[in-house]
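Visitor: Show me the folded form of this:
(one chain, ligands or ions: 3)
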Amino acid sequence: MGKYILAVNAGSSSVKVTFYTCDNPPRAIADAQVSGITAPPPTFKYQHGETKVKEELKDKLNTPQDAFKYIVERCFKDSELSEVASERDVAYICHRIVHGGEYHEAVEINDDTLHHLEKLEDLAPLHNFSALEIVRFCKKELPSVKSITCFDSAFHQTLPDYVKTYPINQQIAKANGLRKYGFHGISYSFIVRSVAQFLGKPQEQTNIIAMHIGSGASMCAIKEGKSVDTTMGLTPLSGLPGATRSGDIDPSLVFHYTSEAGKLSPASTKEMHISTAEEILNKQSGWKALTGTTDFAQIAVDKFPSEAHKLAFDIVIDRMLGYIGNYYLKLGGKVDALVFAGGIGEKSALLRRTLVEKSQCLGFAIDAKANEDGPRDDEVVKDISQSSSQGPRVVVCQTNEQFEMAYTTIQSRS
Ligand SMILES: Nc1ncnc2c1ncn2[C@@H]1O[C@H](COP(=O)(O)OP(=O)(O)O)[C@@H](O)[C@H]1O
Ligand SMILES: CC(=O)OP(=O)(O)O
Ligand SMILES: [Mg+2]
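Guide: Ligands and ions are numbered 1, 2, ... in the order given. From the prediction side, this is the model:
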């Protein structure tokens, strides 16, 4: 059997993979990604030891499957990465699947589990399709490697009924699986373990308000190590705005926005059906709709380039602030730490400073320099609280979804 784990994080426009050893904890040996699948030319980035490559690709990669195939071929052929030269060197491929329905934990792919996940695809085509295409590819083309699927929703199986139930007809809700699931759970598992370790507390006694803020953004109230509320819902659309997602809106809005709301979007394919309303709210909204850019680094700057940029920033802060207050109350004020994670949470000192200043009344306070400096590359958790603060800690956590998948796989197999 192979000695390495391949962790795959597939999005609609990028595929990121990391190769790990099967040690406990796993050790990363190489990283590769293809981005820009939907905006050609695609870019290939690769890192192994001292070797770093970034190239624009001439090859046409139309789908996440094409991108994954390309990455695997490049890595297998690379003579400097001799550890993984063929399928025989790989023991497990871990796939990040956003929507895992009722699954509580990662599962190994076989005909049954794949069939079950394919049924779920209808509930979350926009989020599960790319990853499942890669699962299907691995099953066919790399049959000797075990595929493990890790679910973003699994961490939130602990949500109380009154949090996960929508007040609609319960027969219809149950028949169609209409409830709050919550996402970014692979990241939240990594965050709660890392932060508990950093605070020197057992995970089962750790209470945090965690924020995974990237192009998809969510927050989670974690009580005694478990998710008790989170901002995303049936799909990753609800809660906070994202790069192209609206976040919470009045659901009636879609019918006033377009009379085509219920029709199939032109972006649908033979295999993947999405409605016009879903397409608009998931792909044509968020800060991109307000400012023209998906890049939050161009919005979160001290001097806003335009009123629209300021408005986008203020909206994100306002929605996040609302959930900090909400979750502080739900945790009964017993909060060990406010945790910033995700591309934006980890990199934007301005976002952190603005939010913490506005949450001062709850006892949060940051050290200006520690916040500006942010974490070092090798620092998983950094405390940015004011040293004299008696209130809860404020920390940055450099989350790592690929690591978490490899780690979970090792834990469950050893
Ligand atoms: N210095 C920065 N300030 C603000 N935002 C940043 C900064 N650096 C990166 N980002 C933003 O992080 C986001 C990507 O975060 P990430 O968690 O990698 O997203 P995802 O996994 O959802 O694609 C992008 O919107 C990017 O612009
Ligand atoms: C669940 C989700 O929104 O994922 P991402 O942030 O990768 O888009
Ligand atoms: Mg992400």
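Visitor: Please work out which residue of the protein is closest to ligand 2.
Guide: Closest contact between the chain and ligand 2, by C-beta to the nearest ligand atom, is at residue 216 (2.4 Å). The C-beta positions use only the backbone N, C-alpha and C, and glycine is treated the same way.
Visitor: residues in contact with that residue?
Guide: 183, 184, 236, 242, 243, 245 (C-beta atoms under 8 Å, 6 or more residues apart in numbering).
Visitor: Skipping its backbone neighbours, what lies nearest the residue in the stretch 301-414 of the chain that ligand 1 sits nearest to in space?
Guide: As assessed by C-beta to the nearest ligand atom, ligand 1 sits closest to residue 343 within the stretch 301-414 of the chain, at 2.0 Å. Using C-beta to C-beta, 6 or more residues apart in numbering and skipping residues adjacent in sequence, the residue nearest residue 343 is residue 214, 4.2 Å away.
Visitor: With residue 185 instead?
Guide: Excluding the flanking residues, the one nearest residue 185 by C-beta to C-beta, 6+ apart is residue 155, at 2.9 Å.
Visitor: Between the two ends of stretch 222-236, what distance do you get?
Guide: End-to-end distance for stretch 222-236, by C-alpha to C-alpha, to the nearest Å: 18 Å.
Visitor: Please see if it touches ligand 1.
Guide: No: under the criterion of C-beta under 6 Å from any ligand atom, ligand 1 is not reached by stretch 222-236; the shortest gap measures 9.8 Å.
Visitor: one step back: considering only the contacts of residue 216, which also neighbour ligand 2?
Guide: 183, 184, 236.
Visitor: Looking at these, which is nearest residue 368?
Guide: Nearest to residue 368 among those, counting by C-beta to C-beta, is residue 184 at 28.4 Å.
Visitor: I'd say the closest one and residue 220 touch.
Guide: Yes: using C-beta atoms under 8 Å, residue 184 is in contact with residue 220, at 7.4 Å.
Visitor: Now do the contacts for the residue nearest to residue 185.
Guide: Going by C-beta under 8 Å, 6+ apart, residue 155 touches 182, 185, 186, 188, 189, 227.
Visitor: Contact partners for the fifth one?
Guide: If I follow you right, that is residue 189. 155, 404, 408.
Visitor: repeat that with 7 Å
Guide: Counting by C-beta atoms under 7 Å, 6 or more residues apart in numbering, residue 189 touches 155, 404.
Visitor: just the strands in the stretch 151-300 of the chain please.
Guide: For the stretch 151-300 of the chain, strands defined by DSSP state E, counting those that start in this stretch occupy the ranges 208-213, 217-223, 226-230.
Visitor: Make a markdown table from those strands and add mean pLDDT, mean neighbour count and distance to residue 281 to it.
Guide: Listed next are the strands of the stretch 151-300 of the chain as a markdown table, based on pLDDT from 0 to 100; neighbours: other C-beta atoms under 10 Å; distance: least, C-beta to C-beta, whole Å:
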| stretch | mean pLDDT | mean neighbour count | distance to residue 281 |
| --- | --- | --- | --- |
| strand 208-213 | 98 | 28 | 19 |
| strand 217-223 | 98 | 26 | 15 |
| strand 226-230 | 98 | 22 | 19 |
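Visitor: Distance to residue 400 added to those strands, as a markdown table?
Guide: As requested, those are arranged in a markdown table below (distance: least, C-beta to C-beta, whole Å):
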| stretch | distance to residue 400 |
| --- | --- |
| strand 208-213 | 12 |
| strand 217-223 | 17 |
| strand 226-230 | 19 |
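Visitor: Just to be sure, residue 379 is in a strand?
Guide: No: with DSSP: H, G, I helix; E, B strand; the rest coil as the criterion, residue 379 is located in coil rather than a strand.
Visitor: Ligand 1 contacts on the protein?
Guide: So far as C-beta under 6 Å from any ligand atom goes, the chain lies against ligand 1 at 214-216, 243, 294-297, 300, 342-344, 347-348.
Visitor: For residue 165, which of the strands of the stretch 151-300 of the chain is the nearest?
Guide: Among the strands of the stretch 151-300 of the chain, the nearest to residue 165 by C-beta to C-beta is strand 226-230 (12.5 Å).
Visitor: And ligand 2, is the closest one touching that?
Guide: No: Strand 226-230 stays clear of ligand 2 (C-beta under 6 Å from any ligand atom), getting no nearer than 10.6 Å.
Visitor: which residues sit against the helix or strand containing residue 68?
Guide: For residue 68, the host element (DSSP states H and E) is helix 64-77. Defining contact as C-beta under 7 Å, 6+ apart, one finds that helix 64-77 is touched by 8, 10, 15, 17, 30, 32, 34, 37, 42, 59, 61, 81, 84-86, 130, 133-134, 137.
Visitor: So which of these belong to strands?
Guide: Counted as lying in strands by DSSP state E, out of the contacts of helix 64-77, are 8, 10, 15, 17, 30, 32, 34.
Visitor: Who wins on neighbours among those?
Guide: Among the ones in strands among the contacts of helix 64-77, residue 15 has the most neighbours (other C-beta atoms under 10 Å), with 28 neighbours.
Visitor: Now it: closest residue in space, sequence neighbours ignored.
Guide: Nearest residue to residue 15, sequence neighbours excluded (C-beta to C-beta, 6+ apart): residue 67, at 4.3 Å.
Visitor: Please report the number of neighbouring residues for that neighbour.
Guide: Residues within reach of residue 67, counting by other C-beta under 10 Å, total 29.
Visitor: ok so, going back, export the contacts of residue 216 as CSV, with columns for pLDDT.
Guide: Listed next are the contacts of residue 216 as CSV, based on pLDDT from 0 to 100:
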residue, pLDDT
183, 97
184, 97
236, 94
242, 96
243, 94
245, 95
